[in-house]
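Engineer: Structure, please.
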Amino acid sequence: MKWLASAVLALGLSACASYYPIAVDVNPTVQAGGGVYRGQAVSLSSRDNRANDYIIQIEQKDKSPVVVGASNNLRAQMEQKLAQGLSTQGLYLENSANTRMELELQEVLARVIRGHISYDVVQQLRMQVTLERNGQRLTKQYRRSAQQEFPGRLHPDLDKVKEALNKQLSLLVQDMLADRDVQNFINGG
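Structural biologist: Numbering: from 1, shown residues only. All right, here's what the predicted structure looks like:
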């Protein structure tokens, strides 16, 4: 009898969570202009130090949160987008370069909070860039937060949540690419 109750409970919980995908595709965009760098070389690496590996947390009253991950490797995706922007700006990426840049993912989370006739999406993003060359070091923190309300009575539209998250990730990469301190360090100033 006990196993039957456990099975029914597990089935009920999985049926509730099965409405949502286990992962969504994250794909921020990068817009960068050329002429920022004059062919300098930089080695770029990244690491993911987030406390959780999911990127969306759906919270409904009196229910356990449902979490949704990224279907692609978020760390590799963000490193690739930053590399793409830096290359467009005129940098060469070389593993043996004297100037080293590291991107650290610290927090990427969109909390979906259910209301009566709508839901709020609260996004918190935090990343860090560290540059090193000849004993000199520059560390910069980048943060983005946003809150949006979407209509919806039954389930949140995860496509809208994903679009909102992609927008904030894109803006965060733009912040890194436009940072004058980073540009000056790489340019040797």
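Engineer: so how far is stretch 109-116 from its chain's centroid?
Structural biologist: Its chain's C-alpha centre and that of stretch 109-116 lie 17 Å apart, by CA atoms, centre = their mean, to the nearest Å.
Engineer: buried stuff in that stretch?
Structural biologist: Judged by neighbour count (16 or more other CB atoms under 10 Å), stretch 109-116 contains these buried residues: 109-114. (C-beta placed from N, C-alpha, C; glycine too.)
Engineer: Mind giving me the packing neighbours of whichever helix in the chain runs longest?
Structural biologist: Ranked by residue count, the top helix of the chain under DSSP state H comes out as helix 158-178. If contacts are counted by 3 or more CB pairs under 8 Å, 6 or more residues apart in numbering; DSSP states H and E, helix 158-178 sits against strand 23-24, strand 54-59, helix 74-88, strand 99-114, strand 118-133, strand 136-151.
Engineer: so which of the ones you listed comes closest to residue 33?
Structural biologist: For those, proximity to residue 33 was assessed by CB to CB; helix 74-88 is nearest, at 7.3 Å.
Engineer: Let me know the angle separating the closest one from strand 99-114.
Structural biologist: Relative orientation of helix 74-88 versus strand 99-114 (axes from the mean of the first three to the mean of the last three CA atoms, to 10 degrees): 130 degrees.
Engineer: by contact count, what packs against whichever helix or strand comes after helix 74-88?
Structural biologist: Next helix or strand after helix 74-88 toward the C-terminus (DSSP states H and E): strand 92-93. Applying 3+ CB pairs under 8 Å, 6+ apart, one finds that strand 92-93 contacts strand 41-48, helix 74-88.
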